[in-house]
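>>> Everything below, folded, please.
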Amino acid sequence: MIGLIIATHGNSSVELIKGAEMFAGPLSQCRAWTLNPGDDIQKGEQMLEEYVDELDQEEVLIMADLFGGTPSNLATKIALRRENVETVTGVNLPMIIQFVTERETQTLDELVESCIETAQDGIKCPTKIMKERR
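Down below sits the predicted model:
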């Protein structure tokens with residue numbers, strides 16, 4: 001099973017996991033990593049590395065909130081050192097649900113692509129869609 005780490009500024013990673021669990025039940029092999037004001041970046045990187053080690057059954061995907069932000073940068077740094085770790089940014093609930101439902105049937109590379117596609121496909125303007133249907 002591919003492990004999952006949600007890495008975000010603030011506690012949104014914790015809340016995203018809670019939201020995904022409403023749809024998918026308890027998430028196994030999943031960790032929330034948070035970065036809050038005043039946190040020591042080196043200790044944060046060490047903790048993120050420890051989470052990867054804990055989840056390292058086979059492979060680990062780290063979903064970060066913001067491309068170029070500290071969580072993304074630290075995750076990418078770790079992923080570049082390890083063959084079995086990958087990172088995607090722009091984490092959202094549809095992406096996590098896609099991951100959970102497919103992680104036992106897809107490879108890490110396939111999951112990365114399907115999670116990105118699902119995240120992008122989920123961005124809609126419902127009012128515009130409804131107005132166009134009138």
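>>> How about the secondary structure of L16?
Under DSSP: H, G, I helix; E, B strand; the rest coil, L16 falls in the helix class.
>>> Please, where are all the strands along this structure?
For the chain, the strands defined by DSSP state E cover 3-9, 30-35, 60-64, 85-89.
>>> Against which helices or strands is the third one packed?
The reference is to strand 60-64. Here strand 60-64 touches strand 3-9, helix 41-55, helix 70-81, strand 85-89, helix 93-102, helix 108-121, going by 3 or more C-beta pairs under 8 Å, 6 or more residues apart in numbering; DSSP states H and E. C-beta here means a position set from N, CA and C on the backbone, and glycine is covered the same way.
>>> how about a cut-off of 10 Å?
Applying 3 or more C-beta pairs under 10 Å, 6 or more residues apart in numbering; DSSP states H and E, we find strand 60-64 packed against strand 3-9, helix 12-24, strand 30-35, helix 41-55, helix 70-81, strand 85-89, helix 93-102, helix 108-121.
>>> Touching the longest one from outside, list them.
Residues from elsewhere that reach helix 41-55 (C-beta atoms under 10 Å, 6 or more residues apart in numbering): 1-5, 7, 28-36, 39-40, 60-62, 70-71, 73-75, 77-79, 81-82, 84-85.
>>> Let me know how buried V88 is, in neighbour terms.
Close neighbours of V88, defined as other C-beta atoms under 10 Å, add up to 21.
>>> go on, A24?
Neighbours of A24 under the rule other C-beta under 10 Å: 13.
>>> mind listing what it touches?
Counting by C-beta under 10 Å, 6+ apart, A24 has contacts 96-97, 99-101.
>>> The same query, at a cut-off of 8 Å, please.
97, 100-101 (C-beta atoms under 8 Å, 6 or more residues apart in numbering).
>>> Would you format these as a markdown table with neighbour count and pLDDT included?
Below are the contacts of A24 laid out as a markdown table (neighbours: other C-beta atoms under 10 Å; pLDDT from 0 to 100):
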| residue | neighbour count | pLDDT |
| --- | --- | --- |
| I97 | 18 | 96 |
| V100 | 19 | 95 |
| T101 | 14 | 94 |
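>>> What's the local residue count around D40?
9.
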